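Colleague: return a 3D structure for these sequence lines:
(one chain, ligands or ions: 2)
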Amino acid sequence: MLTSIATVSLSGSLTEKLTAASRAGFDGVEIFENDLLASPLAPEEIRARCADLGLTIDLYQPMRDIEAVPEEEFGRNLRRARHKFELMRRLGTDTVLVCSSVSPLAVDDDDLAARQLSQLADLAQDFGIRVAYEALAWGRHVSTYDHAWRIVETADHPALGACLDSFHILSRGSDPKGIEDIPGEKIFYLQLADAPLLAMDVLQWSRHYRCFPGQGGFDIAGLVRHVLRTGYSGPLSLEVFNDVFRQAEAGPTAVDAHRSLLVLQEAVGLAELPAPVVPTGVAFAELVTPDAEPVSAVLAALGFARSARHRSKPVYLWQAGEARVLVNTGPAARRDGTGLAAIGLESPDPAGAARRAEALLAPVLPRRRASEDALLDAVAAPDGTELFFCATDRPQLANWRADFEDVPHAAPDTGVTRIDHLALVQPWHHFDEATLFHRSVLGLAAQESVDVADPYGLLRSRAVTDADGSVRIALSVGAAPADDTVHAQHIALAAGDVVAVARRFRAAGGLLLPMPANYYDDLAARFEFEEGELDMYRELGILYDRDAYGEFRHCYTRTVGRVFFELVQRDGGYRGYGAQNAPVRLAAQHAARRLTGG
Ligand SMILES: O=C(O)c1ccc(O)c(O)c1
Ligand SMILES: [Mg+2]
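Modeller: Numbers count the residues shown, from 1 in each chain. Ligands and ions are numbered 1, 2, ... in the order given. Predicted coordinates:
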């Protein structure tokens, strides 16, 4: 189906919005009146610009407070409408959205509303224009889609139809099944927006918190299925009022938006995309650093062995159990400092995984960096992290490991067994996009979102995982631009005995993040420990948590550049990430940074 986006959903000037929508692959736009009013371009120039960009103008909106008013007022409304219809003719668009009145002058009289909308449609018809009537969830007398449809049905005018907006329908808890009672040709327009499930005033909710389908809590696919059963064949159009999108760069937002519509069309059977290939494990995490020494010292103290070297690049493989960390001192590091640059995901079908990612608008990275390198499938996540789809130890497929040659090394310590999870701090405006990306592109399931108090702001955190926890990625975001040193990426390493690994780390000169005594007093109040157990945790800075499934013990290294390590011990099927402890850990990291600068 054709896709469209309302200009209000993107930041910037009207031309910036149009360019972003076109580049992301939209077929058309809804022009929001304010964007037109503020534009230096004449309507004819906007029309030409859209044509150059391959965009149709599917809707002009909104026209407000038209119907169910005293005759004299309605006369003024018709005069206003005539002006707008003339403007629409210059723009070359044939559908106008009229939203249900919020005016104190409006009366609760459906017959009057129908008569006046019919008169408006008469005028519109003279201009070759159709009027799409939408119930605002906070409309004065008309606030549900079925009510708006009854009025349209009563008016029975060929130039008057319904505009359905998923936010207004689902925010009020209306049953979308009733949409099937509307003939498809009388649905003139369909606007789609999701939203997180919040208990708040519906107008504020709508104007600030809408998001793209799949990013909130509404069943948008279910609603669209009802609409499709009517025979509706107009565009799927995104109309998203969102404080973050208003500020974020229009280009990436438009890509995020279009991805959401691709995923939606797949869900309702309107599009076939390459099937998701769910990763089955973490092959490696790649750190870039201008100076290998500090990171290498931490890895060595954690029991990793430097076991192999890249054949053509300054990259070493450090390994402990199934945990593999690449340390890259190449050009990217000199540019960006120390940080987590790439993740290798074990994939049953690396090429298939890359095809799906590409179909969902992820930038595909060059398959080969140097002529002698193995061919690798890789894409960029929204935060810039490179995702490699790997086939470790599968001889029939290209193997990243073949680019490395073993170097002599001592046997690694056996304490660390694998990478438990990767924690990626997202740029403040990319959080919802990151979640949708990891769900739709990688086929991972998103867990509940949790709020974590940092001393200097609130963090939102949400894990995406595969079914058995072999791949866990914890995404988080702060309200303000991140403090790079505290809100760093981290690699969480699984250990069978976190106390033993922590002790070994310390004995080898590693620095663990100390935790405040008050935290341990609280632990003593909440749980019963064996004699001496808590003292041991206190001494090492080990945190403790428990859920319905099991226990969690974890501790943290000091931060190097923009990355640090966590050691975690999961027992009995514990499912979380120690979110309960995160505020204490974040405060400890701020304190450590003040003391040592690192
Ligand atoms: O918030 C509003 O006023 C508004 C305007 C037009 C729409 O289509 C809509 O859904 C909301
Ligand atoms: Mg709307």
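
Colleague: list the contacts for residue 476?
Modeller: By C-beta atoms under 8 Å, 6 or more residues apart in numbering, residue 476 lies in contact with 423-426, 431, 452, 459-462, 487. The C-beta positions use only the backbone N, C-alpha and C, and glycine is treated the same way.

Colleague: how about 7 Å then?
Modeller: With contacts defined as C-beta atoms under 7 Å, 6 or more residues apart in numbering, residue 476 is in contact with 423, 425-426, 459-461.

Colleague: chain neighbours aside, what residue packs nearest to it?
Modeller: Spatial nearest neighbour of residue 476, excluding adjacent residues (C-beta to C-beta, 6 or more residues apart in numbering): residue 461 at 4.0 Å.

Colleague: so which strand or helix has the one you found?
Modeller: Assigned by DSSP states H and E, residue 461 belongs to strand 457-465.

Colleague: which parts of the stretch 1-150 of the chain sit against ligand 1?
Modeller: Contact residues, the stretch 1-150 of the chain versus ligand 1 (C-beta under 6 Å from any ligand atom): 61-62, 97, 99, 134, 136.

Colleague: which of those residues fall in strands?
Modeller: Counting by DSSP state E, these place 61-62, 97, 99, 134 in strands.

Colleague: count of neighbours near the closest residue to ligand 2 within the stretch 51-200 of the chain?
Modeller: Here the stretch 51-200 of the chain gets closest to ligand 2 at one residue, residue 165, 3.5 Å apart by C-beta to the ion. The tally of other residues near residue 165 (other C-beta atoms under 10 Å) stands at 24.

Colleague: how is the closest residue to it other than its chain neighbours assigned, secondary-structure-wise?
Modeller: Spatial nearest neighbour of residue 165, excluding adjacent residues (C-beta to C-beta, 6+ apart): residue 191 at 4.1 Å. Following DSSP: H, G, I helix; E, B strand; the rest coil, we place residue 191 in the strand state.

Colleague: again with residue 534
Modeller: Secondary structure assignment for residue 534 (three-state DSSP): helix.

Colleague: for it, give me its contacts.
Modeller: Contacts for residue 534 (C-beta under 7 Å, 6+ apart) come out as 520, 523-524.

Colleague: in the stretch 351-500 of the chain, what residue comes closest to ligand 1?
Modeller: Closest contact between the stretch 351-500 of the chain and ligand 1, by C-beta to the nearest ligand atom, is at residue 432 (19.2 Å).

Colleague: that older thread, go ahead and confirm the residue nearest to residue 165 touches residue 241.
Modeller: No. Residue 191 is beyond contact range of residue 241, at 11.0 Å (criterion: C-beta atoms under 7 Å).

Colleague: between those two, who's got more neighbours?
Modeller: residue 191 (25 against 20).

Colleague: what's the distance between residue 548 and residue 205?
Modeller: 32 Å (C-beta to C-beta, to the nearest Å).

Colleague: the more surrounded of the two?
Modeller: Between residue 548 and residue 205, counted using other C-beta under 10 Å, residue 205 has the larger neighbour count: 20 against 9.

Colleague: and the closest residue to that one other than its chain neighbours, what's its pLDDT?
Modeller: Using C-beta to C-beta, 6+ apart and skipping residues adjacent in sequence, the residue nearest residue 205 is residue 198, 5.7 Å away. According to the prediction, residue 198 has pLDDT 95.

Colleague: looking at it, residue 198 is touching residue 204, isn't it?
Modeller: No. If you go by C-beta under 7 Å, residue 198 and residue 204 don't touch, sitting 9.1 Å apart.

Colleague: more crowded one of the two?
Modeller: Comparing residue 198 with residue 204 by other C-beta under 10 Å, the one with more neighbours is residue 198, at 14 against 11.

Colleague: tell me which helix or strand the more buried one sits in.
Modeller: Using DSSP H and E, residue 198 is not contained in any helix or strand.

Colleague: if I look at it, how far off is ligand 1?
Modeller: Separation of residue 198 from ligand 1 (C-beta to the nearest ligand atom, to the nearest Å): 16 Å.

Colleague: what residues does the stretch 201-350 of the chain put near ligand 1?
Modeller: Residues of the stretch 201-350 of the chain lying close to ligand 1 (C-beta under 6 Å from any ligand atom) are 206-207, 239.

Colleague: try 8 Å this time
Modeller: 203, 206-207, 239, 241 (C-beta under 8 Å from any ligand atom).

Colleague: and those, which two are the farthest apart?
Modeller: Pairwise distances across these (C-beta to C-beta) peak at 14.8 Å, for the pair 203 and 239.

Colleague: neighbour-wise, which of those two wins?
Modeller: Neighbour count, other C-beta under 10 Å: between residue 203 and residue 239, residue 239 has more, with 28 against 13.

Colleague: surely that one and residue 7 touch.
Modeller: No. Using C-beta under 7 Å, residue 239 makes no contact with residue 7, being 9.7 Å away.

Colleague: which neighbours do the two have in common?
Modeller: Joint contacts of residue 239 and residue 7 (C-beta under 7 Å, 6+ apart) are residue 30.

Colleague: coming back round to it: tabulate the residues of the stretch 201-350 of the chain next to ligand 1 in CSV, adding columns for secondary structure and pLDDT.
Modeller: Formatted as CSV, these follow (DSSP: H, G, I helix; E, B strand; the rest coil; pLDDT from 0 to 100):
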residue, secondary structure, pLDDT
203, helix, 98
206, helix, 98
207, helix, 98
239, coil, 98
241, coil, 98
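
Colleague: using TSV, lay out those together with distance to residue 182.
Modeller: Listed next are these as TSV, based on distance: C-beta to C-beta, whole Å:
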residue	distance to residue 182
203	25
206	22
207	26
239	19
241	25
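
Colleague: give me the subset of the residues you listed touching ligand 2.
Modeller: residue 239 (C-beta under 5 Å from the ion).

Colleague: between the residues of the stretch 201-350 of the chain next to ligand 1, which is nearest ligand 2?
Modeller: residue 239 (4.8 Å).

Colleague: run a quick neighbour tally on the nearest residue to residue 529 once chain neighbours are set aside.
Modeller: Distances taken as C-beta to C-beta, 6+ apart put residue 523 closest to residue 529, at 7.6 Å, once the chain neighbours are dropped. Other residues lying near residue 523 total 20 when counted by other C-beta under 10 Å.

Colleague: same deal with residue 219?
Modeller: Neighbourhood size, residue 219 [other C-beta under 10 Å]: 13.

Colleague: quick one: it from ligand 1, how far?
Modeller: Counting by C-beta to the nearest ligand atom, the separation of residue 219 from ligand 1 is 18 Å.

Colleague: any idea how far that residue is from ligand 2?
Modeller: 18 Å (C-beta to the ion, to the nearest Å).

Colleague: just list the residues touching that residue, thanks.
Modeller: Residue 219 touches nothing, counting by C-beta under 7 Å, 6+ apart.

Colleague: may I have the phi/psi pair for it?
Modeller: Main-chain torsions, residue 219, degrees, to the nearest 10: phi -90, psi 80.
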